Every structure is written in structure tokens, then in C-alpha cells.
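Chemist: Got a predicted structure here, sequence first:
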Amino acid sequence: FNIAKGMVGYYATLPATNDTLIAIALEASGLESDATLMDKDTFADVVSGATNEQTSLTRKTLASVTSTVNDVDDRRDIDAADITWTAPSGNPVGAIVVCYDSDTTGGTDANLIPLTLHTVTWNPADGIDTTWTVADLLRIS
């Protein structure tokens, strides 16, 4: 997402008092192209066109987020713990977007800043617990 270029490392340090990173599943049907989505500045913008949130799945707060400067490989490594959806349901998923929420005590989708988009192919209608392995959420070099 253009809005997050150059800032993802900062957001991943979770600099505010009540901030977090949130993973939100997007439906496969109607999912807009990367070229279209990268121009969206908030999560409200992301779902303002043909792209829809997969609302049967809960949004997941990322735990154990780290943002580490890696001088050996000349990059910043951002990581988080894996995420599990238990007994999932609903429409097929085509992507997961990770957003920065600057204030978990309030706010709306217009306050969520989209950071990364991860293409996935997943049909939660089978009801099988599913884990998204977040290893190396993002490497910036």
C-alpha cells in the first residue's frame, strides 16, 4: 500500500499506547487487483469498491510483533506469531490484509492503515481450523 511505504517498520514497532496490527481476511470474489488496492489509504477505502471483508471470520490481532533492524542482511525484518481461525466458515478468502490500528480503544475502519496484502487461497466453509503461518511477515530492504 502506497500509504505505508517507508512507514511499515515504524508502525510495526507499535509506537502508541493502545495500538496493534490486525489481520483481516478479504473475500476472493470481487477482490480488486494489487494495482488498485495499493492506492487505498484506509481499510474503509479497501472495502469501498468491489473488494469485501470476509465477515464470517473474525479479525485477528497479531501477537508477538517484532520489528528488527538486520544490519547483516541490510534490511528490516518484521515478524509476528502465527494466527489460527477456529471452526471457520463463510465465503472463500483471496487475501489477508494487515492493518495498523493506532488506537484499539476506539476508531473505525477509516482509522486502520493498510500495510501489507498477502494472497491466499482458502475456503473456510469446510470448518477445519486453519493457521496462517506469519513467519517473516515482511522484509524491507
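Modeler: Arrived safely, thanks for sending.
Chemist: State the helix or strand in which the residue most central in space within the chain lies.
Modeler: Nearest to the mean C-alpha position of the chain, counting by Cα atoms, centre = their mean, stands residue 98 at 1.2 Å. Per DSSP states H and E: residue 98 is located in strand 93-101.
Chemist: Just list what that strand packs against, helices and strands only.
Modeler: With contacts defined as 3 or more Cβ pairs under 8 Å, 6 or more residues apart in numbering; DSSP states H and E, the packing partners of strand 93-101 are strand 20-27, helix 43-46, strand 112-122. Every C-beta, even on glycine, is put in place using the N, C-alpha and C of the backbone.
Chemist: so of those, which one's packed in deepest?
Modeler: When the helices and strands packed on strand 93-101 are scored by mean count of other Cβ atoms under 10 Å, the highest mean neighbour count falls to strand 20-27 (a mean of 22).
Chemist: any idea of the angle that strand forms with strand 93-101?
Modeler: Angle of strand 20-27 versus strand 93-101, following axes from the mean of the first three to the mean of the last three Cα atoms, to 10 degrees, is 160 degrees.
Chemist: Does anything pack onto strand 20-27? Which helices or strands?
Modeler: With contacts defined as 3+ Cβ pairs under 8 Å, 6+ apart, the secondary structure elements packing on strand 20-27 are strand 60-61, strand 93-101, strand 112-122.
Chemist: let's see 7 Å
Modeler: strand 60-61, strand 93-101 (3 or more Cβ pairs under 7 Å, 6 or more residues apart in numbering; DSSP states H and E).
Chemist: Between strand 112-122 and it, find me the angle.
Modeler: Orientation check (the same axes, to 10 degrees): strand 20-27 against strand 112-122 gives 50 degrees.
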